[in-house]
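1. how would this look folded up:
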Amino acid sequence: MSKVIIYTDGGARGNPGPAGAGAVLINGDKTFELKKYLGERQTNNWAEYEAVALALAEAKEKGLAGRELEVRMDSQLVVEQLSGNWKIKEANLKLQAEKVRKLLKDFPSYKFLYVPRAQNKEADRLVNEAIDEAGA
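-> Modelled structure (predicted):
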């Protein structure tokens, strides 16, 4: 069984502002793209967490639960917080982290990796498409 690689990104224009989430799931030779508009008054960090949660839910829906995961994102803050290296101080981000941890229970092995923005262009594109398509 091959490892599932997920690239995620979330962003808000104005921070807070109109926000979107994007993800690219790679399962062997299959690639799935996902994007979602998240509303008018969200923060970048909240959107980053939401992108991970959306990607994990989609992976489960695609029958990928039980597989090894590697989640790559360009938010070092979220990577370090989800890896348990940095404390989460904001209450709304603690809730987001809990949502992600509940979804991770369906995957026996996972890790979060920070990647430079240049390696996360497709997920970033999906974030912007979600916000643009919402007319925000």
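
2. mind exporting the longest strand along the chain as CSV, just the C-alpha atoms?
-> Secondary structure of the chain per DSSP state E: the longest strand is strand 30-42. The C-alpha trace of strand 30-42 is given here as CSV (Å, rounded to 0.1, in the frame of the first residue of the first chain):
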residue,chain,number,x,y,z
LYS,A,30,-4.5,9.2,-8.8
THR,A,31,-4.7,12.9,-8.0
PHE,A,32,-7.7,14.6,-6.5
GLU,A,33,-8.2,18.3,-6.1
LEU,A,34,-10.5,19.9,-3.5
LYS,A,35,-11.4,23.5,-2.8
LYS,A,36,-14.0,25.2,-0.6
TYR,A,37,-15.0,28.8,0.2
LEU,A,38,-14.9,29.2,4.0
GLY,A,39,-16.8,32.5,4.6
GLU,A,40,-16.2,36.2,4.9
ARG,A,41,-14.5,36.7,8.2
GLN,A,42,-11.9,33.9,8.8
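
3. what's in contact with that strand?
-> When contacts are defined by CB atoms under 8 Å, 6 or more residues apart in numbering, strand 30-42 is touched by residues 10, 12, 16-25, 46-47, 50, 54-55, 58, 62, 122, 126-127, 129-131, 133-134, 136. Yep, even glycine has a C-beta here, placed from its N, CA and C like the rest.

4. buried subset of those residues as a ChimeraX selection?
-> Buried residues within the contacts of strand 30-42, by 16 or more other CB atoms under 10 Å, are selected in ChimeraX with:
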select :10,12,17,18,19,20,21,22,23,24,25,46,47,50,54,55,58,126,127,130,131,136
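
5. hmm, back to that, walk me through which strands the longest strand of the chain pairs with, and which way each runs.
-> If you go by DSSP bridges, strand 30-42 pairs up with strand 17-27 (antiparallel).
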